[in-house]
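*Asks:* Please work out how this folds:
(one chain, ligands or ions: 1)
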Amino acid sequence: MNTRTTPPESIRTEPATTADSAVVTVRDITHSYGTLTVLDSVSLTIGAGELVAVVGPNGSGKSTLLRLLTGAQRPTNGTVVHGRSGDESTDTDPTVGYLPQRLHPRDEFGVRETLDYYATLADEGLDPEVVVELVGLDGVPDRRVGALSGGMRRLLGLGIAIVGDPDLVVLDEPTSGLDRTMTRRVFEVCRDVADAGPAVVLASHDLSTVERMADRVVFVDGGCIRFDGPPSAFGGEDCSLVDAYDDWVETGENTTVRGGTR
Ligand SMILES: Nc1ncnc2c1ncn2[C@@H]1O[C@H](COP(=O)(O)OP(=O)(O)OP(=O)(O)O)[C@@H](O)[C@H]1O
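*Replies:* The predicted structure is shown next:
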């Protein structure tokens, strides 16, 4: 966790997510690795149909937060509840699609074959043929995974995360290693997925694309959520997300926005 000499400033706009639309609710979680506290009293609710970008410096805890959202990793303290009411008693088996930063599908399988395999793991999933096209790998459906470029592997990872038609899609830096066209493509796919109902949460360092495509930005720094709201509110009217972010990370405070709830 970063150490700061000034108290952390945080800004939250009114959450659009209601308990009824909640897909996942994070309540006051703290997470430590040994003596290192990475997240400290973090709360968050994510609703159906939202495209949420988690941003923050390297090592700020984005991947940790994402793993906690999937339910695969348990927080040291606090709760993560899946389901529409955010009620622990209704925390049924969530359907979550997850793309970790490093994914290792079998090299000897083909692209389409890999998606076929992951589709069989879900009760009801999307047609792998459609997913191949959706992620832009329809030109290479039979290419062996071992022969894919780094960018193509990320697209396949995106396909694996969505082929089970989950309620919550969690993607850890899905655009790293992709060129601008493919980056846009990935965000467009995420937009389409979210518009169809599921919540999509992704970590990204591509702030300009986040600004254009995301409904909501969650800025994690110093163990806390420092900002949670629409991208347009991050820098205010006259400042881009990129500039406001750089300023905030450098100075430890948001000097461009003076609204919201602190
Ligand atoms: N399994 C682990 N055991 C010990 N420390 C860990 C573990 N996973 C993460 N950390 C530490 O927790 C901190 C946050 O890591 P995390 O990967 O969540 O950050 P991040 O914001 O996703 O970083 P990046 O942008 O570089 O991917 C780092 O200091 C990291 O070294």
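
*Asks:* hey, let's count contacts and neighbours off CA atoms from now on
*Replies:* OK.

*Asks:* Listing request: residues of the stretch 51-200 of the chain with sub-threshold pLDDT.
*Replies:* Along the stretch 51-200 of the chain, the model assigns pLDDT under 70 to residues 84-94.

*Asks:* Near the ligand, which residues of it are found?
*Replies:* Counting by Cα under 6 Å from any ligand atom, the stretch 51-200 of the chain comes close to the ligand at 57-64.

*Asks:* Columns neighbour count and secondary structure on top of those residues, output as CSV?
*Replies:* As requested, these are exported to CSV (neighbours: other Cα atoms under 10 Å; DSSP: H, G, I helix; E, B strand; the rest coil):
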residue, neighbour count, secondary structure
P57, 16, coil
N58, 10, coil
G59, 15, coil
S60, 20, coil
G61, 23, coil
K62, 26, helix
S63, 20, helix
T64, 18, helix
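
*Asks:* Strands of the protein, residue ranges please.
*Replies:* 11-12, 22-33, 36-47, 51-55, 77-82, 96-99, 168-172, 199-203, 216-221, 224-229 (DSSP state E).

*Asks:* ok, now which ones touch V189?
*Replies:* By Cα atoms under 8 Å, 6 or more residues apart in numbering, V189 lies in contact with 134-135.

*Asks:* Repeat the analysis, applying 10 Å as the threshold.
*Replies:* With contacts defined as Cα atoms under 10 Å, 6 or more residues apart in numbering, V189 is in contact with 131, 134-136, 158-159, 162, 183, 195.

*Asks:* Turn the residues you listed into CSV, including neighbour count.
*Replies:* Shown next, in CSV, are these (neighbours: other Cα atoms under 10 Å):
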residue, neighbour count
V131, 22
L134, 18
V135, 22
G136, 19
L158, 28
G159, 30
I162, 31
T183, 19
D195, 15
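
*Asks:* Columns mean neighbour count on top of the strands of the chain, output as TSV?
*Replies:* Conversion of the strands of the chain to TSV gives the following (neighbours: other Cα under 10 Å):
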stretch	mean neighbour count
strand 11-12	19
strand 22-33	20
strand 36-47	19
strand 51-55	27
strand 77-82	21
strand 96-99	24
strand 168-172	26
strand 199-203	27
strand 216-221	24
strand 224-229	23
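
*Asks:* will you turn those into TSV that also has distance to C190?
*Replies:* Converted to TSV, the strands of the chain look like this (distance: least, Cα to Cα, whole Å):
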stretch	distance to C190
strand 11-12	24
strand 22-33	16
strand 36-47	15
strand 51-55	7
strand 77-82	20
strand 96-99	12
strand 168-172	9
strand 199-203	7
strand 216-221	13
strand 224-229	18
